[in-house]
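**Student:** A structural model of the following input is requested.
(one chain, ligands or ions: 1)
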Amino acid sequence: MRQFTRAEVLKHCNNKDCWIIIGNKVFDVTKFLDEHPGGCEVLLEKAGDDRTEAFEDVGHSTDAREMSKDYCIGEIVDEEKQTYTYDKKPIAPTTTTST
Ligand code: HEM
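**Tutor:** Here you go, the predicted model:
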């Protein structure tokens, strides 16, 4: 898989050339701008940036996650990989404690 630095991805930040980062993967969503059910604005407003939290906050469907694979062009270089908040959550919580 091709590797990119975050600085490199940030250069692709307009409607003719729009990349975003989700979960340390790099997506070229230029051709997807007109097709995104959530609109092109949300993709363009922080084009070139890390959109992991926003992507997760929307609660994208499994279909959406599958669809994103078509646009994946590589990943972030190892030195710049992030640990996201969802990485820290337990995968299968066995108890639900509310305080
Ligand atoms: C490659 C990346 C992405 C793909 C393939 C994708 C795909 C989709 C799809 C298929 C939907 C329809 C609902 C669903 O199936 O979940 C959707 C809705 C939406 N997406 Fe994305 N999305 C991407 C990135 C993003 C990002 C970065 C944002 C940033 C906020 C975003 C915001 C939204 C919003 C606001 C909706 C509308 C939700 C609604 O109206 O209920 N998406 N997206």
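
**Student:** what residues are up against Gly23?
**Tutor:** If you count contacts by CB atoms under 8 Å, 6 or more residues apart in numbering, Gly23 has them with 52, 55, 84. Using the backbone N, CA and C atoms, a C-beta is placed for each residue, glycine as well.

**Student:** what about 10 Å?
**Tutor:** 50-52, 55-56, 65, 68, 75-76, 81-82, 84, 86-87 (CB atoms under 10 Å, 6 or more residues apart in numbering).

**Student:** try Ser68
**Tutor:** 20, 22-23, 25, 27, 29, 32, 55, 60.

**Student:** Secondary structure class of it, three-state.
**Tutor:** Here Ser68 is recorded as helix under DSSP: H, G, I helix; E, B strand; the rest coil.

**Student:** so how far is Glu79 from it?
**Tutor:** Noted for Ser68: a distance of 24 Å to Glu79, by CB to CB, to the nearest Å.

**Student:** and what of Ile20?
**Tutor:** 20 Å.

**Student:** who has more neighbours, these two?
**Tutor:** Per other CB atoms under 10 Å, whichever of Ile20 and Glu79 has more neighbours is Ile20, with 27 against 7.

**Student:** element containing that one, please.
**Tutor:** Here Ile20 is covered by strand 17-22, with elements defined by DSSP states H and E.

**Student:** residue ranges of the helices in the protein, please?
**Tutor:** Here the chain has its helices, by DSSP state H, at 6-10, 41-44, 52-58, 62-68, 85-88.
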